[in-house]
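>>> curious how this folds, go ahead:
(chains A and B, ligands or ions: 3)
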Amino acid sequence: MKIILKDIKDLHKIDVYESNGGYSALQKALKEMKPEDVTNEVKSSNLRGRGGACFPTGLKWTFMPKTGDKPKYLCCNGDESEPGSFKDREIFEKNPHQFIEGVLLACYAMGINAAYVYIRGEYYTWINILQTAIDDAYKKGYIGKNILGTKFSTDIYIHRGAGAYICGEESALMNSIEGKRGYPRVKPPFPAAYGLWGCPTTINNIETLANIPEIIKNGAEWFSKIGAPKHPGTLLFGVSGHINKPGVYELPTGTPLMTIINDICGGVLGGKEIKMVIPGGSSMPPLTRDECLKANMDNESLKEFGSSIGTAGVMVMNEDTDILKVLIRIAKFYYHESCGQCTPCREGTGWLLRVLKRIDAGNGRMSDLDLLTSVAQNIEGNTICALGDAAAWPVKWTVKKFRKDFVNKIKDDVEVPVMNKVHSLR
Amino acid sequence: MSKQLFNEEELKKIEEVKSRYPDSKAALLPVLWMIQEKEGWISSESMKLAGDLLNVPYEHILGVVTFYTMFNDKPKGKYHLQICTNVSCMLRGGYELYNYISDKLGIKNNETTSDGMFTIEEVECLGSCATAPMMQVNNKEYYENLDNAKAEEIISKFKSK
Ligand SMILES: Cc1cc2nc3c(=O)[nH]c(=O)nc-3n(C[C@H](O)[C@H](O)[C@H](O)COP(=O)(O)O)c2cc1C
Ligand code: SF4
Ligand code: FES
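Ligands and ions are numbered 1, 2, ... in the order given. Here you go, the predicted structure:
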């Protein structure tokens, strides 16, 4: 079942896209549907955001005000910086026009006349690919003034990031477009009320938008019946790590994890056993081997194991993996990427990293495991944006699920540093 | 400003970029990218010039340049090798690759070789996890599925250019 990464040669070219039904959803919407019909169709399709939070897309669109004289904006989130995620890049490369058509439908539905596609600065190559596609679509009259001879006009611009994971967070992204440091904003107000330049703004992930044309073409009911009922459609699974055939695979939601690992990706590298799998990019709580055997890849099923689908970036680790080293690398990432606005995140991410490192260096003590959990819990929910949670979850859950791996590195007779000795003498 | 940073054509381009946004400050990242593509880095002189063009205070621009890791506020080597060591790359030899290149060139993270040819930098996930280990060069091309031999080849190719 392929909705986005179809097996059609040269689909990235506008002629090929058109001859395979491309831009017919836009024609249909402009000729036969009112803007609110488009939103309603997306709403009843049950499409949920593919950027990590799984928020219902149609519902998000209804938050946009229908009246008022302020301009409205769409932000398309192609920051794709969560470690283990590399799916939006595939859309730019293989099917950029379907994404563009999705942007146009979203703009029509919400009465928007300007869309900004924010793409991480490192994706220089893919920015050029998308720009070519946008230029071609302008030439054919799909973007710009009076699209297809109607009253509807929209421009689409690419905004290149410059290396900051935090700019994937919706309000940081808006600050970054505005030419500022990528600091997340305190919410509320939410973007639909106060977004880009203080105007109503909707933000969606690239993959989310790429789904829209097919929903309009084939109908909400068709879409809602694909995959897992509560999280329907397909997902672009990016599989990496210890796996024989890493890559991006589009599969229905709810596909068993082991089907992906064994049948689609040719099994674990070197024929080894699985030790741990991170199911949706590095901020998602990991799965143990036993959990992998039972897990289906949709958000509701993963909740059972305390995890979520995130960006569907599946990171596979075999039995020889040093879990502590992996967690240190993850903690290092979030420490590096914290923007520093909130104390729990700025200081907490540093503490997580330092405590993990001292355990790894053989200077850990049993109480460090509780310390890690307590630092993580003090970050979680106490910050301006969800980067704090993203940093806390992997630590909290890895310590919980792989406790033995930590305990093995802790010697009981460890020399307690002087500072704590003083404390204990008080 | 003693030297002219942008030519006529580039100034026109900047006007076009400004027209994409309701506020000229939003053209700051695109203009900083243009400066860096031209000069390899962004000096305080260039920041001031960008400020004049966009009507944005220098202090704001300095804040922006230092926030974003891809903007260089110091010159880099001719070839800036950006090697990913995040988890998916690490699992497939990202650190081995990084260490190999570091030893080979005799430089550490964010250092530049004395001939000004190479800078190496350990970077975060580049969205290329399925083709790990990998590196990016000069914020542009990706070099994927690397091993020591391939890295060696790339480096000698750069050296002979
Ligand atoms: C730290 C952080 C980084 C994020 N990075 C991305 C990203 O790279 N791409 C993305 O689409 N969403 C990212 N998000 C989620 C966005 O804030 C937002 O929820 C999403 O773009 C909404 O689109 P959707 O509803 O279509 O999923 C990030 C969130 C946080 C807290
Ligand atoms: S949680 Fe972290 S990244 Fe988010 S605003 Fe606070 S300090 Fe910045
Ligand atoms: S971890 Fe290296 S590219 Fe993703």
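
>>> now do the contacts for residue 73.
This is for chain A. By C-beta atoms under 8 Å, 6 or more residues apart in numbering or on different chains, residue A:73 lies in contact with A:112, A:114-116, A:195-197, A:199-202. All C-beta spots, glycine's among them, are computed from the backbone N, C-alpha and C.

>>> hmm, I had chain B in mind actually
Taking C-beta under 8 Å, 6+ apart as the definition, contacts of residue B:73 comprise B:41-42, B:65-66.

>>> with residue B:51 instead?
Contacts of residue B:51 (C-beta under 8 Å, 6+ apart): B:57-58, B:60-61.

>>> which single one of those residues is nearest to residue A:228?
Nearest to residue A:228 among these is residue B:60, at 46.6 Å by C-beta to C-beta.

>>> name the SS class of that closest one, please.
helix (DSSP: H, G, I helix; E, B strand; the rest coil).

>>> which residues are in contact with it?
A:180, B:25, B:51.

>>> secondary structure element holding the most centrally placed residue in chain A?
Residue closest to the average C-alpha location in chain A (C-alpha atoms, centre = their mean): residue A:51, at 3.2 Å. If you go by DSSP states H and E, residue A:51 is not part of any helix or strand.

>>> and the helices in the stretch 51-200 of chain A, which stretches?
A:57-62, A:88-94, A:96-110, A:124-139, A:170-177 (DSSP state H, counting those that start in this stretch).

>>> same for the fourth one, what does it pack against?
If I follow you right, that is helix A:124-139. Contacts defined by 3 or more C-beta pairs under 8 Å, 6 or more residues apart in numbering or on different chains; DSSP states H and E place helix A:124-139 against helix A:14-19, helix A:88-94, helix A:96-110, strand A:114-119, strand A:155-160.

>>> now swap in the second one and tell me
Using 3+ C-beta pairs under 8 Å, 6+ apart as the contact criterion, the elements in contact with helix A:88-94 are helix A:96-110, helix A:124-139, helix A:206-218, strand A:234-241.

>>> re earlier: now the helices of the stretch 51-200 of chain A in JSON lines, please, with extra columns for mean neighbour count, mean pLDDT and distance to residue B:91.
Shown next, in JSON lines, are those (neighbours: other C-beta atoms under 10 Å in any protein chain shown; pLDDT from 0 to 100; distance: least, C-beta to C-beta, whole Å):
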{"stretch": "helix A:57-62", "mean neighbour count": "20", "mean pLDDT": "98", "distance to residue B:91": "33"}
{"stretch": "helix A:88-94", "mean neighbour count": "24", "mean pLDDT": "98", "distance to residue B:91": "20"}
{"stretch": "helix A:96-110", "mean neighbour count": "27", "mean pLDDT": "98", "distance to residue B:91": "30"}
{"stretch": "helix A:124-139", "mean neighbour count": "18", "mean pLDDT": "98", "distance to residue B:91": "24"}
{"stretch": "helix A:170-177", "mean neighbour count": "25", "mean pLDDT": "98", "distance to residue B:91": "29"}
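
>>> which one of these lies nearest to residue A:251?
helix A:88-94 (13.4 Å).

>>> roughly how far is the closest one from the heart of the chain?
For helix A:88-94, the separation from the chain centroid amounts to 14 Å (computed by C-alpha atoms, centre = their mean, to the nearest Å).

>>> any residue of it touching ligand 3?
No: using C-beta under 6 Å from any ligand atom, helix A:88-94 never reaches ligand 3; the gap is at least 10.4 Å.

>>> contacts for that helix next, please.
By C-beta under 8 Å, 6+ apart, the residues outside helix A:88-94 that reach it are A:4-5, A:11-12, A:78, A:80, A:98-99, A:119, A:123, A:126-127, A:129-130, A:205-207, A:210, A:236, A:238, A:248, B:127.

>>> pLDDT weak spots in chain A?
Within chain A, the segments meeting pLDDT under 70 span A:412-426.

>>> repeat the analysis, applying 50 as the threshold.
Scanning chain A for pLDDT under 50 picks out A:426.
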